[in-house]
Every structure is written in C-alpha cells, then in structure tokens.
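Peer 1: please work out how this folds:
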Amino acid sequence: MASVRLLPEYDAYIMGFRERDHLVPDEARAQVAAHGRGKYEGPAGVRFLLIDGIASGLWERKKKPKQVELRVSPMRPLHKGDRTALAAEAERIGAFLGREPVLTVE
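Peer 2: Below you'll find the predicted structure:
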C-alpha cells in the first residue's frame with residue numbers, strides 16, 4: 001500500500017529538503033504556482049499531498065464546528081490503495097482536531 005500523507009504548510013519535510021527537484025516535480029510546481037499562497041511563498045506556503053514521499057497534489061482544510069472539510073487536488077487519478085490510505089490519513093487528521101473528517105477528492 002502507498003504511503004499517503006497530508007502535510008501542513010511550512011512542514012519541515014518541505015522546508016528542510018535542500019534539492020526539491022525530486023521531492024516537488026514540475027507538475028506539482030505548476031499547482032503551487034497557480035495556488036494563491038504558492039505564488040508568493042513557493043512550496044513552503046501550501047499544503048501538499050505526498051504519495052510515497054513525493055509531492056502529488058495539494059489540499060485545503062476548512063474547520064466547521066463539528067467537522068473538518070479536507071479537499072484534496074491530486075495531480076493524477078488515485079489508485080484504490082491511494083484512496084484507502086488517503087481516507088485513513090483524513091481520519092487521523094480528524095481525530096487529531098477532534099472533528100469528523102469530510103474528504104473530497106477533486
């Protein structure tokens with residue numbers, strides 16, 4: 001099964017990685033450049049979807065009183081294993097925030 005993580009903005013994995021060409025491929029850089037915060041802050045200022053340690057899309061979070069909405073924009077269609085791992089990651093984030101996660105994949 002793939003390793004899937006939803007990294008927050010300014011995560012040490014992104015900030016501390018010196019040579020980003022491998023970590024953040026050109027397709028992901030295009031997503032960053034189109035993102036409001038990414039235009040000004042670059043890769044550090046956005047939330048990344050990581051699949052097997054490589055930036056594979058972006059995500060957004062919106063807190064509601066009892067829920068947290070997670071909207072994920074992958075760069076490519078997700079395989080069944082990716083979707084299963086992403087659902088588990090959403091559950092982990094929801095548990096951490098004490099809210100029911102609502103996951104949307106665009």
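Peer 1: now do the buried residues in the helix of greatest length in the chain.
Peer 2: In the chain, assigned by DSSP state H, the helix with the most residues is helix 80-97. Buried positions in helix 80-97, judged by neighbour count with 16 or more other Cβ atoms under 10 Å: D82, R83, A85, L86, E89, A90, I93, G94. Backbone N, C-alpha and C define where each C-beta goes, glycine included.
Peer 1: enumerate every residue touching the closest residue to the fourth one other than its chain neighbours.
Peer 2: I take that to be L86. The spatial neighbour of L86 that comes closest, neighbours along the chain excluded (Cβ to Cβ, 6 or more residues apart in numbering), is V4 at 5.0 Å. If you count contacts by Cβ atoms under 8 Å, 6 or more residues apart in numbering, V4 has them with L49, L50, I51, D82, A85, L86, A88, E89.
Peer 1: read off the pLDDT value for V4.
Peer 2: pLDDT recorded at V4 is 95.
Peer 1: ditto for G16
Peer 2: pLDDT, read off for G16, is 68.
Peer 1: which parts of this structure are strands?
Peer 2: 4-7, 48-51, 54-63, 67-74, 100-105 (DSSP state E).
Peer 1: that older thread, which of the buried residues of helix 80-97 sits closest to E9?
Peer 2: I93 (13.9 Å; Cβ to Cβ).
Peer 1: surely that closest one meets P8?
Peer 2: No. Using Cβ atoms under 8 Å as the test, I93 is too far from P8 to be in contact (9.4 Å).
Peer 1: so what sits against both of the two?
Peer 2: With contacts defined as Cβ under 8 Å, 6+ apart, no residue is shared by I93 and P8.
Peer 1: re the thing from before, switch the buried residues of helix 80-97 over to CSV; also include distance to I14.
Peer 2: Formatted as CSV, the buried residues of helix 80-97 follow (distance: Cβ to Cβ, whole Å):
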residue, distance to I14
D82, 20
R83, 23
A85, 19
L86, 18
E89, 16
A90, 20
I93, 17
G94, 22
